[in-house]
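Colleague: following is a predicted model, sequence given first.
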Amino acid sequence: MLKYYRSVLSPIKVLLILLLIISPFGERGLLAQSNFPVSCSPYLLPQYSLNWSALTSSNNFLRVTLVLKDEKYQRGIVPVFLRFKFEQAGSVISTRPDYLPAIPINLSFGTPLTLYGSDLVNYFQAGHLIAQGAVDESMLRQGGRLPDGLWTLSVTAYEFDASRGHRQISETGIA
């Protein structure tokens with residue numbers, strides 16, 4: 001019986017079968033791990049408005065929670081800044097790649113920090129954003145209404161340290 005299996009299953013076939021069996025488990029393990037020391041979770045709360053100005057005029061609409069979760073930072077503060085991206089089919093509003101806020105967001109190990117719309121006003125000023133598609137910068141300046149439809153918000157934290165190249169320090173949180 002063993003001779004039969006050896007003749008039917010060449011070493012290459014055995015290797016392919018093993019890869020098919022093992023790879024989904026290995027891939028899940030790799031995806032579950034995060035190499036970033038900061039957790040970034042944005043929230044768009046129910047009853048949100050499509051008015052651009054509502055993002056920062058009310059603390060009942062947008063929240064971003066950051067947590068420094070890497071134990072090697074237990075004794076210090078890590079200064080970060082954020083980059084935002086709103087996307088809808090054919091439209092994107094994102095933080096300018098050269099925008100750096102004047103004051104960093106300081107994170108302490110293990111202490112969640114929740115930022116509200118009013119804390120993020122500077123990030124949403126028209127001069128700090130790039131608009132593409134059905135949205136233009138004049139609409140952002142005037143606090144106008146976003147086009148109807150489903151919008152996705154992505155937020156990523158970066159190190160405030162220019163000497164380290166403003167490295168990405170969190171996974172991208174999506175709402």
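Modeller: Looks like it arrived, so ask away. None of these values were measured; they are calculated from a predicted model.

Colleague: which element follows the lowest-mean-pLDDT helix or strand in the chain toward the C-terminus?
Modeller: One helix or strand of the chain scores below all others by mean pLDDT, DSSP states H and E: helix 11-32, with a mean of 40. Using DSSP states H and E, the next helix or strand after helix 11-32 towards the C-terminus is strand 38-44.

Colleague: by contact count, what packs against that next one?
Modeller: strand 62-68, strand 77-88, strand 152-159, strand 173-174 (3 or more Cβ pairs under 8 Å, 6 or more residues apart in numbering; DSSP states H and E). For every residue, glycine as well, the C-beta is placed using N, CA and C.

Colleague: out of those, which is the most enclosed?
Modeller: Mean neighbour count, computed with mean count of other Cβ atoms under 10 Å, is highest for strand 62-68 among these, reaching a mean of 22.

Colleague: identify the residues contacting Phe108.
Modeller: Careful, residue 108 is Ser and not Phe. For Ser108, the contact set (Cβ atoms under 8 Å, 6 or more residues apart in numbering) comprises 68, 77.

Colleague: that one bridge partners, please.
Modeller: Ile77 (DSSP bridges).

Colleague: ok, Leu129 next?
Modeller: According to DSSP bridges, beta-bridge pairing links Leu129 with Thr95.

Colleague: pretty sure it contacts Glu137?
Modeller: Yes: assessed by Cβ atoms under 8 Å, Leu129 is found in contact with Glu137 at 7.2 Å.

Colleague: in terms of neighbours, single out the busier of these two.
Modeller: More neighbours surround Leu129 than the other of Leu129 and Glu137, with 22 against 14 (other Cβ atoms under 10 Å).

Colleague: quick one: pLDDT of the more buried one?
Modeller: Looking at Leu129, its pLDDT stands at 91.

Colleague: what's it in contact with, if anything?
Modeller: By Cβ under 8 Å, 6+ apart, the contact list for Leu129 reads 93-96, 137, 140.
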